[in-house]
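A.B. asks: Would you be able to build a 3D model of this:
(one chain, ligands or ions: 1)
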Amino acid sequence: MAETAAARLDHIRDQIAATERETGREQGSVTLIAVSKTFDAPDIEPVIAAGQRIFGENRVQEAQGKWPALKEATPDIELHLIGPLQSNKTREAVALFDAIHTIDRDKIARTVKTEMEAQGRDLKLFIQINTGNEPQKAGISPDEADAFIARCRDEFGLKISGLMCIPPLNEAPSPHFALLAKIAERNGLEGLSMGMSGDFEMAVGQGATHVRVGSAIFGTRDYPAKG
Ligand SMILES: *Cc1c(COP(=O)(O)O)cnc(C)c1O
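C.D. replies: Numbers count the residues shown, from 1 in each chain. From the prediction side, this is the model:
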């Protein structure tokens with residue numbers, strides 16, 4: 001691994017560009033989300049200085065502790081929520097984030113719509129699909145995806161940008177990426193948020209429009225002991 005986060009960022013960008021070329025994707029069609037969860041401002045600032053503008057966090061409260069100041073210093077930063085959203089955190093989430101990747105139930109879809117209207121904000125929205133049907137994992141099951149996407153659009157009046165998945169830890173990710181792409185295609189959705197540090201190149205080859213890369217940029221995380 002390169003010495004600094006900025007050098008690792010450069011390397012990831014090169015790998016994404018190379019994979020776009022090799023797999024016939026249009027240059028620049030993949031958006032890199034730098035996942036900064038568990039890292040504090042001093043670790044994030046060099047990555048901003050290296051030109052990265054799109055970041056991901058998985059907890060609303062943690063993001064509230066560091067991003068308002070970072071966003072004020074660099075106003076064109078775009079912040080993506082990639083972790084589960086509790087409905088009692090929706091107001092804060094809509095105020096701070098520019099995109100939410102984890103819309104996965106009616107209540108969240110409704111409250112996000114209400115909050116966006118109340119705050120006059122227009123976030124980019126992705127629906128999380130639990131492609132592995134894992135009981136402990138968030139996301140709507142693949143069987144219910146088409147109906148939920150339709151409800152989001154028709155009943156809740158949401159503009160949906162695309163779909164997101166986190167493949168099961170112990171399985172090959174490729175079939176999950178393929179399933180996500182298939183559900184998106186039959187529902188006329190362009191966005192595919194898939195691929196992390198270990199498999200983002202494969203995801204790019206399978207059509208990802210957004211890859212979420214954390215440890216390959218920021219280094220290994222010390223997970224906090226909370227559940
Ligand atoms: C932490 C996280 C990532 C980044 O994972 P890495 O393996 O560190 O790249 C991507 N997506 C989600 C939803 C995450 O929670």
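
A.B. asks: pLDDT below threshold where in the chain?
C.D. replies: The chain contains residues with pLDDT under 70 at 1, 224-227.

A.B. asks: where along it do the helices fall?
C.D. replies: Shown for the chain, the helices assigned by DSSP state H span residues 5-22, 41-49, 60-73, 90-96, 106-119, 142-154, 174-186, 200-205, 215-218.

A.B. asks: Which one, of these, ends up nearest to residue 81?
C.D. replies: helix 90-96 (5.7 Å; CB to CB). All C-beta atoms are positioned from the backbone trio N, CA, C, and that covers glycine.

A.B. asks: which residues are in contact with that closest one?
C.D. replies: Contact partners of helix 90-96, identified using CB atoms under 8 Å, 6 or more residues apart in numbering, comprise 60-61, 63-64, 67-68, 79, 81, 85, 100, 108, 111-112, 115-116, 119, 121, 123.

A.B. asks: out of the helices of the chain, nearest to the ligand?
C.D. replies: helix 215-218 (3.4 Å; CB to the nearest ligand atom).

A.B. asks: give me every residue that touches the closest residue to residue 22 other than its chain neighbours.
C.D. replies: Excluding the flanking residues, the one nearest residue 22 by CB to CB, 6 or more residues apart in numbering is residue 205, at 7.7 Å. Contact partners of residue 205, counting by CB under 8 Å, 6+ apart, are 19, 22-23, 25.

A.B. asks: Name the nearest residue to residue 206, sequence neighbours excluded.
C.D. replies: Residue 206's closest residue in space is residue 177 (CB to CB, 6+ apart), at 4.2 Å.

A.B. asks: Residue 72: how many residues sit nearby?
C.D. replies: When neighbours are counted by other CB atoms under 10 Å, residue 72 registers 9.

A.B. asks: Please list the residues of this protein that sit near the ligand.
C.D. replies: Taking CB under 6 Å from any ligand atom, the part of the chain that reaches the ligand is made up of 35, 37, 58, 82-83, 166, 196-198, 212-216.

A.B. asks: and the spatially most central residue of the chain, what are its phi and psi?
C.D. replies: Closest to where the C-alpha atoms of the chain average out (CA atoms, centre = their mean) is residue 82, at 4.4 Å. Phi and psi for residue 82, reported as degrees, to the nearest 10, are phi -120, psi 0.

A.B. asks: isn't it right up against residue 165?
C.D. replies: No. With contact defined as CB atoms under 8 Å, residue 82 and residue 165 do not form a contacting pair (11.3 Å).

A.B. asks: Overlap of the contact sets of those two?
C.D. replies: residue 193.

A.B. asks: Could you say which one of the helices of the chain comes nearest to residue 132?
C.D. replies: Minimum separation from residue 132 across the helices of the chain (CB to CB) falls at helix 174-186, 6.4 Å.
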